[in-house]
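Colleague: sequence-free structure coming up:
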DNA sequence: CGGTCAACTTGATCGAGTCCAGATTTGGAC
DNA sequence: GTCCAAATCTGGACTCGATCAAGTTGACCG
């Protein structure tokens, strides 16, 4: 997207504050980031911000369709700025790394469920589960099942916060 | 599945305990149920059980592929006994109701991502978002965005626990 | 340049889930 | 039937992500 953060906010009639801009900046520069690491990053760039303000800003941005919130099972919510292009995600079972994937089937894949049970469906969200290249080469680690070992981050993994 | 709970557990060399049987029973009779409401239901049938025992039993059952755990965004983990048939779920944006859906595209839908980024994918999980029949007829409620209003349960929704 | 209401700060609270240490039960061997 | 190690269960404390509440600050309109 070519617009500045200021423009994006103004356009939707939202107040433009340094906090919101910094939050948006943090998400833009580090996709798939968690609220916690946004907090850290914004503090690094702005000096200080409250946890609450981060959550507030994020949810305002989500509401305004500027950022998208994703919540893979077993992980805190993550945020990204790619919106409206219907892409999906791969999650590594063992380290939790997350990457973007474009869907195999055209634009709105699988949007038609076989039997929609009377629901009016407006979005199909796809999450692929597997193992990332890194974890595959570390053979012998436990695989498949329960808790992701919190090793060092692989693809796109935001560094763990250190509050 | 036609086997009894006892058989299922024995087969995999798991200890057969009244707690585990009750937990399994609760999940079987109320699919998409949460750990918390399993707790309530088991207490109703067995008399008493600890929260810990419920979590333990559930995770043993999940490990043994007897039950499947699903975690729709914004909801606590839910459990169901349909395993291995690759079905998916619809979630209602406004009340959180959850229903089963068989996938439109054959058996292993969308399992091939366009570019898998080097990940070895072993499962594709699809979640459809929309509005359930009930919520559609209650026009005028806020729709689409943030927190699901915790109205009365619709399709398959386990009643909220009242501990 | 005020005034007003949205946005921010601080601090408490919540809900889901996990961890721990000790008591109890289970299933298989004898 | 009895015994024993291994597997389970209990209750409580605790973590982590996220939200609520009350009061203060500051962005935008006129």
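Modeller: Thanks, I have it. Please read all numbers here as calculations on a predicted model, not as lab measurements. Residues are numbered from 1 along each chain as shown, chains lettered A, B, ... in the order given.
Colleague: What residues of the worst-scoring helix or strand of chain A on mean pLDDT count as buried?
Modeller: Of all the helices and strands that make up chain A, helix A:133-137 has the lowest average by mean pLDDT, DSSP states H and E, namely a mean of 84. Counting neighbours by 16 or more other C-beta atoms under 10 Å in any protein chain shown, one finds that the buried residues in helix A:133-137 are A:134-136. For glycine as for every other residue, the C-beta is placed from the backbone atoms N, C-alpha and C.
Colleague: Please apply the same query to stretch A:23-39.
Modeller: Per 16+ other C-beta under 10 Å, stretch A:23-39 contains these buried residues: A:23-28, A:30-39.
Colleague: ok, and which of these reach DNA strand D?
Modeller: The residues of those that also fall near DNA strand D, by C-beta under 7 Å from any atom of the strand, are A:34-36.
Colleague: Can you name the residues of chain A sitting close to DNA strand C?
Modeller: Neighbours of DNA strand C within chain A, by C-beta under 7 Å from any atom of the strand: A:14-15, A:17, A:19-20, A:48-53, A:56-57, A:60, A:147.
Colleague: from those, which ones fall inside strands?
Modeller: In strands, defined here by DSSP state E, there are no members of these.
Colleague: gap between whichever helix or strand residue A:101 is part of and the chain center?
Modeller: Under the criterion of DSSP states H and E, residue A:101 resides in strand A:98-102. Distance of strand A:98-102 from the chain centroid (C-alpha atoms, centre = their mean, to the nearest Å) equals 10 Å.
Colleague: and it, does that touch DNA strand D?
Modeller: No. Remark: strand A:98-102 sits outside contact range of DNA strand D, by C-beta under 7 Å from any atom of the strand, the gap being at least 13.9 Å.
Colleague: What pairs with that strand, parallel or antiparallel?
Modeller: strand A:87-92 (antiparallel) (DSSP bridges).
Colleague: Look at the nearest residue to residue A:54 once chain neighbours are set aside and give its secondary structure.
Modeller: When the adjacent residues along the chain are set aside, residue A:54 lies closest to residue A:39, with 4.9 Å between them (C-beta to C-beta, 6 or more residues apart in numbering or on different chains). For residue A:39, the reduced secondary structure class is helix; criterion used: DSSP: H, G, I helix; E, B strand; the rest coil.
Colleague: ok so, going back, restrict the residues of chain A next to DNA strand C to contacts with DNA strand D.
Modeller: Near DNA strand D, judged by C-beta under 7 Å from any atom of the strand, the entries from these are A:15, A:17, A:51-52.
Colleague: got these as JSON lines, with distance to residue A:98, neighbour count and pLDDT columns?
Modeller: Below are these laid out as JSON lines (distance: C-beta to C-beta, whole Å; neighbours: other C-beta atoms under 10 Å in any protein chain shown; pLDDT from 0 to 100):
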{"residue": "A:15", "distance to residue A:98": "31", "neighbour count": "9", "pLDDT": "96"}
{"residue": "A:17", "distance to residue A:98": "29", "neighbour count": "12", "pLDDT": "96"}
{"residue": "A:51", "distance to residue A:98": "23", "neighbour count": "12", "pLDDT": "96"}
{"residue": "A:52", "distance to residue A:98": "25", "neighbour count": "8", "pLDDT": "96"}
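Colleague: Tell me the backbone dihedrals of the closest residue to residue A:41 other than its chain neighbours, please.
Modeller: Leaving out its chain neighbours, the residue that sits closest to residue A:41 by C-beta to C-beta, 6+ apart is residue A:26, at 4.2 Å. Backbone geometry at residue A:26, expressed as degrees, to the nearest 10, gives phi -60, psi -40.
Colleague: Tell me how far the nearest residue to residue A:18 once chain neighbours are set aside lies from residue A:4.
Modeller: Once its chain neighbours are removed from consideration, residue A:18 has its nearest residue in residue A:46; the separation is 6.1 Å (C-beta to C-beta, 6+ apart). Residue A:46 sits at a distance of 17 Å from residue A:4 (criterion: C-beta to C-beta, to the nearest Å).
Colleague: Check which helices and strands the longest strand seen in chain A sits against.
Modeller: Scanning chain A for the strand with the most residues, using DSSP E, yields strand A:120-131. Strand A:120-131 is packed against strand A:87-92, strand B:120-131, with contacts defined by 3 or more C-beta pairs under 8 Å, 6 or more residues apart in numbering or on different chains; DSSP states H and E.
Colleague: and the angle for the longest one with strand A:98-102?
Modeller: The directions of strand B:120-131 and strand A:98-102 differ by 70 degrees, with axes from the mean of the first three to the mean of the last three C-alpha atoms, to 10 degrees as the criterion.
Colleague: what pairs with strand B:120-131, and is each one parallel or antiparallel?
Modeller: Pairing partners of strand B:120-131, with direction, according to DSSP bridges: strand A:120-131 (antiparallel), strand B:88-92 (parallel).
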